[in-house]
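Novice: Show me how the following folds:
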Amino acid sequence: MNENTFKERLKLFFIKNQRSSLRIRLFNFSLKLLSCFLYIIRVLLENPSQGNEWSHIFWVNRSLPLWGLQVSVALISLFETILLGYLSYKGNIWEQILRIPFILEIINAVPFIISIFWPSLRNLFVPVFLNCWLAKHALENMINDLHRAIQRTQSAMFNQVLILISTLLCLIFTCICGIQHLERIGKKLNLFDSLYFCIVTFSTVGFGDVTPETWSSKLFVVAMICVALVVLPIQFEQLAYLWMERQKSGGNYSRHRAQTEKHVVLCVSSLKIDLLMDFLNEFYAHPRLQDYYVVILCPTEMDVQVRRVLQIPMWSQRVIYLQGSALKDQDLLRAKMDDAEACFILSSRCEVDRTSSDHQTILRAWAVKDFAPNCPLYVQILKPENKFHIKFADHVVCEEEFKYAMLALNCICPATSTLITLLVHTSRGQEGQQSPEQWQKMYGRCSGNEVYHIVLEESTFFAEYEGKSFTYASFHAHKKFGVCLIGIRREDNKNILLNPGPRCIMNATDICFYINITKEENSAFKNHDHQKKSNVSRSFYHGPSRLPVHSIIASMGTVAIDLQDTSCRSASGPTLSLPSEGNKEVRRPSIAPVLEVADTSSIQTCDLLSDQSEDETTPDEEMSSNVEYAKGYPPYSPYIGSSPTFCHLLHEKVPFCCLRLDKSCQHNCYEDAKAYGFKNKLIIVAAETAGNGLYNFIVPLRAYYRPKKELNPVILLLDNPLDDLLRCGVTFAANMVVVDKESTMSAEEDYMADAKTIVNVQTLFRLFSSLSIITELTHPANMRFMQFRAKDCYSLALSKLEKKERERGSNLAFMFRLPFAAGRVFSISMLDTLLYQSFVKDYMISITRLLLGLDTTPGSGFLCSMKITEDDLWIRTYARLYQKLCSSTGDVPIGIYRTESQKLTTSECREIASQSQISISVEEWEDTKDAKEQGHHRSNHRNSTSSDQSDHPLLRRKSMQWARRLSRKGPKHSDEMNDHQSTLSYILINPSPDTRLELNDVVYLIRPDPLAYLPNGEPSRKNSICNTTGQDSREETQL
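Specialist: Residues are numbered from 1 along each chain as shown. Model (predicted):
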């Protein structure tokens, strides 16, 4: 046989093949340990001889059987060493001979082999204890082969710890055996005394009771200490380095813990302290999640602030940080993704290129789905056009969809963004209870309302309303328990229906969704108490009583004499009808009862697809209005995954050239908003780009249930220099929406990303103080700079209150800031909690999308609002309003937007006046232009702005030019609460039934779907687009 072929076969068996090589290494390791064990046996069996002769160092007493075993081990070890050296030979013989393991093998094996042929050398001392170092070397090779054989990489920390421990053991064992042998001519130490001496010496204690006597043993101890001083620091340094790297990467999540404990995984590209605290506070706010672990998987190193927070005992025991990528299976394995209860994947909104951020999120979602297909996915995406890539995810929140929808509804229903933010945050309603101001107490208490669910037959609140109408159940549940029933979900249907209307009959298997401070399972209501309260609520009220106020008021519905109007309501205005004058003389106004089962004759079946307002328009209006609308679905979808929405459409597509407001074309010659002569006030959107998300801003403003005469023109301002602002009609705009700029996201200081937006809005606030500005910010903490007034004592007091609430652990410390409470500013990051809360309440995303109009379900209602006027104050309380709405229109109120006068001191008023002096001077100049002489007017204007001439001459001159060119003051209505400087506004979600109504209160309503009441012969959403559009009479609350 050819020698090369035979060598290759041996090399394959001894070296290349992992399994056979592992067996060889294990056998070699066992031989070395056996030789050390035989040396210990020889020492224990030897009787210490008397005398101090040096011959005791070179010669020992070794029995024949022991010598035979040691010779056998030496022969096998030497043969194996020579064979492996031959197989690994690569042309340099000295490289093989001068290796330390080979030299040690020669020292320990050759003397025993020579003693076979020279019997007088059988008792020659051989330092067999040095085989411990060969055993250490074999162990390292064996671990490497083990990893290769099982195709699994163990952590470097484990290998380094193993090497360090084996090095320490080898040093101690060598020292023990060396001291014991060299002291054969001294104190005759045994192995135990040598062990004791080595431990005391290496631990630097040094009792001194056992010391070496001979110079050879002393020299050996010095040599061993020097070796330890060189070897051990190197080992400890490598171990410390690996430990620090492990701390950075986070190590692994235990498989045993993953199988016995529940955990969720949070995947982010960069972890900021605000995002972390929002997630932890919202996630652990639910009692049943207290025992969950949170594993954070992030590719970047842990931030200093994050590290400091995770060292707090409350979080250190429940939060585990792993540095790694969701695209690597080994990192997903470290996080035990296949055993996780859920995986949250969040996008980085702090990047300039949001599309790139979405691409990273999509890849993470794909990687997690591929690795753990059964793990529920909760994904946050930024751009709506990227949603269809992750349609497999269990829950998806698209930031731009929610952002633009909330901004649009803020223009229709004031402070919708604040309403949604408070609903999706977990709170106990304790905020503001220590404040001396009543509005803060009410606002804070009502902010604790959340959406809960329960099966009707299992509910104490709603079980008695089985077989009754939805509006009946909603009204009476609110009257008895103060809960607001807003929707249901049928057992055979996955869709949630918000306020399905009085025709909807409650079934035992229906899932009820309601708003309350706490869920029913945690409430203190008892069944026998319910019976007593129901009996009391059904009794008549004949005089003074100790009953609760809301029970007394609600019981008045049983003596009602007026019936609900069965005809289509007119568009005269949003008023609640009063009883006749004769009835007023007899007794105070009363309200019709809410029927258990809706009377079909009393259900309004107006054809909402036709225009009832056309007959009421005057000829002048018909001449001036050349725009005709049709109702239907948009013919084109801007992105895949957008929900079709029934809305107002033009009959013909407008040419692209006509969409430019600042440039004339062949179809029209208008170059500014004033030239168009819009009847309704404008809505201006200041954004950086016209993205696909803007579709969700326009559709709610053009929804089919909005009257044609109330459709506001929408102007998109892609840049906001002052000249463009005036050209697009900012002086007569109803609302201006400022969307946060993407180009400012990558600011060096995170919180400076909002700097440009805040300063621009502050400029608008100074110049146009009466303009309603709705702003979106990146960071909620920057809301305190909106409409900033440095010397406003009230704002300073609110700042102190916010700090106190934050110290008390509130998740809504920013809620008392006046701009947020009034709905003039919000941050989309506040909606991150919607994704977190959906882990416990899987319906929250669906309900929020229905409220915002992002989804439309047949039979489901929509969010709208009505204003309390002087003609409506006869209702007096929220409970009576609830009954009036349910009995007449089927609307369900869910809250109140209240505006109150802010009491300011004289110094504060002067400060406010000085801040808005420029805008006031422009308005005064317009008001007095026609009433006074031109010279007197100029003198008056000069006097009013004299303080600003020296400081802002250019600004003053520009203001005069703007006023002459484009300013048009509309009539001032006393009921328009747009004086931001002297009023404060806030939201009361599901207030108590005895809450008094006040003038100019805006009531949030969930109105039934008008198309659900169409007769069978009437056209439906799916098969008709009418040529004329009408006013939705249900938008005007005429009861």
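Novice: and residue 206, what does it touch?
Specialist: Neighbouring residues of residue 206 by C-beta atoms under 8 Å, 6 or more residues apart in numbering: residue 200. C-beta coordinates here come from the backbone N, C-alpha and C atoms, glycine included.
Novice: Check for me that it belongs to a helix.
Specialist: No. Counting by DSSP: H, G, I helix; E, B strand; the rest coil, residue 206 is not part of a helix but coil.
Novice: roughly how far apart are the spatially closest residue to residue 71 that is not a sequence neighbour and residue 46?
Specialist: Using C-beta to C-beta, 6 or more residues apart in numbering and skipping residues adjacent in sequence, the residue nearest residue 71 is residue 112, 4.6 Å away. Look at residue 112 and residue 46: by C-beta to C-beta, to the nearest Å, they are 17 Å apart.
Novice: and what of residue 512?
Specialist: Distance from residue 512 to residue 46, by C-beta to C-beta: 89 Å.
Novice: Residue 392 too?
Specialist: 75 Å.
Novice: Residue 714 too?
Specialist: Residue 714 is 102 Å from residue 46, by C-beta to C-beta.
Novice: More neighbours: those two, which one.
Specialist: residue 714 (17 against 13; other C-beta atoms under 10 Å).
Novice: Dihedrals phi and psi, that one?
Specialist: phi -110, psi 120 (degrees, to the nearest 10).
Novice: How about it: which residues does it bridge to?
Specialist: residue 683 (DSSP bridges).
Novice: Next one: it from residue 67, what distance?
Specialist: Taking C-beta to C-beta, one finds residue 714 at 102 Å from residue 67.
Novice: before we move on, what about residue 211?
Specialist: 33 Å.
Novice: which of the two has more neighbours?
Specialist: Here residue 211 and residue 67 are set side by side on neighbour count (other C-beta under 10 Å), and the busier one is residue 67, at 18 against 14.
Novice: and that one, which of the three is it?
Specialist: Going by three-state DSSP: residue 67 is helix.
Novice: Also the one 4 residues further on?
Specialist: The three-state label given to residue 71 by three-state DSSP is helix.
Novice: these two touch, right, it and residue 111?
Specialist: No. Using C-beta atoms under 8 Å, residue 71 is not in contact with residue 111, being 9.8 Å away.
Novice: Looking at those two, which one has more neighbours?
Specialist: Neighbour tally, residue 71 and residue 111, criterion other C-beta under 10 Å: the higher count belongs to residue 111, 20 against 17.
Novice: Could you pull up phi and psi at the most far-flung residue of the chain relative to its centre?
Specialist: Distance to the chain centre peaks in the chain at residue 120, reaching 83.4 Å (criterion: C-alpha atoms, centre = their mean). Backbone geometry at residue 120, expressed as degrees, to the nearest 10, gives phi -70, psi -10.
Novice: so how far is residue 654 from it?
Specialist: Taking C-beta to C-beta, one finds residue 120 at 116 Å from residue 654.
Novice: likewise residue 386?
Specialist: Note on residue 386: its distance to residue 654, by C-beta to C-beta, is 28 Å.
Novice: With neighbour numbers in mind, choose between those two.
Specialist: residue 386 (23 against 9).
Novice: Pull the distance from stretch 772-792 to the chain's centre.
Specialist: Mean-position distance between stretch 772-792 and its chain equals 22 Å (C-alpha atoms, centre = their mean, to the nearest Å).
Novice: What residues sit buried inside it?
Specialist: For stretch 772-792, the neighbour count (16 or more other C-beta atoms under 10 Å) marks 772-787, 792 as buried.
Novice: so of those, which ones are in strands?
Specialist: Here DSSP state E is the test, and the buried residues of stretch 772-792 give 773, 774, 775, 776, 777 as lying in strands.
Novice: now for those, which pair is the farthest apart?
Specialist: Farthest apart among those by C-beta to C-beta are 773 and 777. That separation is 12.3 Å.
Novice: Centre-most residue in this structure?
Specialist: residue 832 (3.1 Å).
Novice: can I assume it sits in a helix?
Specialist: Yes. Using three-state DSSP, the assignment for residue 832 is a helix.
Novice: Mind giving me the packing neighbours of the helix of greatest length in the chain?
Specialist: The helix that spans the most residues within the chain, counting by DSSP state H, is helix 215-249. Helix 215-249 sits against helix 156-182, helix 191-202, strand 319-323, with contacts defined as 3 or more C-beta pairs under 8 Å, 6 or more residues apart in numbering; DSSP states H and E.
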